[in-house]
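**Q** here are the coordinates; sequence isn't available:
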């Protein structure tokens, strides 16, 4: 099945640093979602974006829905150890009955 | 918030046997649920869309006779892996829309780790 290109694939950062990751697609999406997954668990929704250009925050997390509707960005400010995990973007296209296409994931490691 | 419960969280079975995985929406009704599969260090791949009261819709390449889906009520969908083989070992995750709106985001269960020996 189709996957979205997500980068970087992995990141090793120090506690307190800011993090940026992005997701790109060759096709347009009407909804962009960002999830975090920890080992052995299902993905947990972080932020949902519904409108091109939309910028939404959830605590230290900020995500943007790209103007072209083909990309999205997630930023984490002042990272802490519990931010460790795999972050997935997911896109939903019009007329797909809530079917999500997932990104390839960004594995985040935070060192003290 | 919307909660999706999945059971069991882990199962080990012998090759050739069948395994049933349950997915329940705990505080909302879900006419549609989705089943994903995730191999180690990979992303989630949609297997099928489970529709309450009707047949499931399978993604290309997913064998419907091998992965039986039943969505008999508005809060329960089941995935049965029939005649399991070691290559079916994977992390299976269900999801459901947490609201009536088409735009309501999907919430995921905690997954089921299937190991076929």
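**A** Yep, that arrived. Note that the coordinates shown come from a computational prediction; the quantities given were computed from them, not determined experimentally.

**Q** And residue B:85, how far from chain A?
**A** To chain A, residue B:85 is 21 Å away according to C-beta to the nearest C-beta, to the nearest Å. Backbone N, C-alpha and C define where each C-beta goes, glycine included.

**Q** Likewise for residue B:88?
**A** 17 Å.

**Q** I'd say that residue and residue B:114 touch.
**A** Yes. Here residue B:88 reaches residue B:114: they are 6.6 Å apart, a contact under C-beta atoms under 8 Å.

**Q** Residue A:80: neighbouring residues, count only.
**A** Residue A:80: 12 surrounding residues under other C-beta atoms under 10 Å in any protein chain shown.

**Q** returning to what we had before: pull up the overlap in contacts between residue B:88 and residue B:114.
**A** Contact criterion C-beta atoms under 8 Å, 6 or more residues apart in numbering or on different chains; residues shared by residue B:88 and residue B:114: residue B:81.

**Q** how about the helix or strand bottoming out on mean pLDDT in chain B, does it reach chain A?
**A** The weakest-scoring helix or strand in chain B, judged by mean pLDDT, DSSP states H and E, is strand B:106-108 (a mean of 86). Yes. Strand B:106-108 reaches chain A (C-beta under 8 Å from any C-beta of the partner chain) through B:106, B:107, B:108.

**Q** so which of the residues you listed comes closest to chain A?
**A** residue B:108 (3.7 Å; C-beta to the nearest C-beta).

**Q** That closest one pairs with what?
**A** Note on residue B:108: beta-bridge partners by DSSP bridges are residue B:95.

**Q** Who does the residue positioned nearest the centre of chain B form a beta bridge with?
**A** By C-alpha atoms, centre = their mean, chain B has its centre lying nearest to residue B:35, at 3.5 Å. Assessed by DSSP bridges, residue B:35 has beta-bridge partners residue B:48, residue B:94.

**Q** from what I can see it touches residue B:69, true?
**A** Yes. With contact defined as C-beta under 8 Å, residue B:35 and residue B:69 form a contacting pair (6.6 Å).

**Q** Just give the nearest non-adjacent residue to the residue of chain A found nearest chain B, would you?
**A** In chain A, the residue found nearest to chain B is residue A:42; the distance is 3.7 Å by C-beta to the nearest C-beta. Using C-beta to C-beta, 6 or more residues apart in numbering or on different chains and skipping the chain neighbours, the partner closest in space to residue A:42 is residue B:108 (3.7 Å).
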